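J.: below is the sequence, then the predicted model.
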Amino acid sequence: MADLRATITAGLAERFTTLASRVHELAAPLADEEFWRKPFPFGNSFGHLVLHLTGNLNYYIGAQIARTGYVRDREREFTPTRHLPKEEVLQHFEQAIAMVRKAIQDQSDADWLASYSAVGSGDVGSRFHMVLKCAAHLDHHVGQMIYLCFALKRENV
């Protein structure tokens, strides 16, 4: 069982690390103004997606598994009163990723199997299930970020 836990731990930690690196890579060429621009009349900006992912990870993994005490204000993730500098938003995101990696490392065999349910999660399952769901959620939004970067590039042509 220890080998399975080690495989799960390493695989999940690597996935979050890879996805976080991709977010930083995509954000790098964007000026602060582009980071917050919505290239479509619908949807979100790159910055709003980063705020959303930071809140999502801090709540579903941080507050519920790592017991960080994080209190989520989901509405604010999409409607901040002021746009923070890109680097500050990315720093908060990276702190959330570091917390996720630590939470993953801290799980015992019994912890992975522990029952999990949280307001807004949409389902009940194990901690493993929720961490996997958060990785898939992050992956989904990275896909949207790729599309946003493409649209922002075309907008500037």
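T.: Yes, it's here.

J.: going forward, measure contacts between C-alpha atoms and count neighbours the same way
T.: Fine.

J.: what sits against the residue nearest to the spatial centre of the chain?
T.: By C-alpha atoms, centre = their mean, the mean C-alpha position of the chain lies nearest to residue 53, the distance being 3.4 Å. Listed by C-alpha atoms under 8 Å, 6 or more residues apart in numbering, the contact set of residue 53 reads 93, 138.

J.: regarding it, what is its secondary structure?
T.: The local conformation at residue 53, judged by DSSP: H, G, I helix; E, B strand; the rest coil, is helix.

J.: got a pLDDT number for it?
T.: Residue 53 carries a pLDDT value of 98.

J.: again, but for residue 28
T.: 97.

J.: would you list the phi and psi of it?
T.: Dihedral angles of residue 28 (phi, psi; degrees, to the nearest 10) stand at phi -50, psi -50.

J.: and it, how many neighbours?
T.: Around residue 28 there are 13 other residues, counting by other C-alpha atoms under 10 Å.

J.: ok, now residue 45?
T.: 21.

J.: contacts only, for it.
T.: Here residue 45 is in contact with 35, 36, 37, 38, 39, 148 (C-alpha under 8 Å, 6+ apart).
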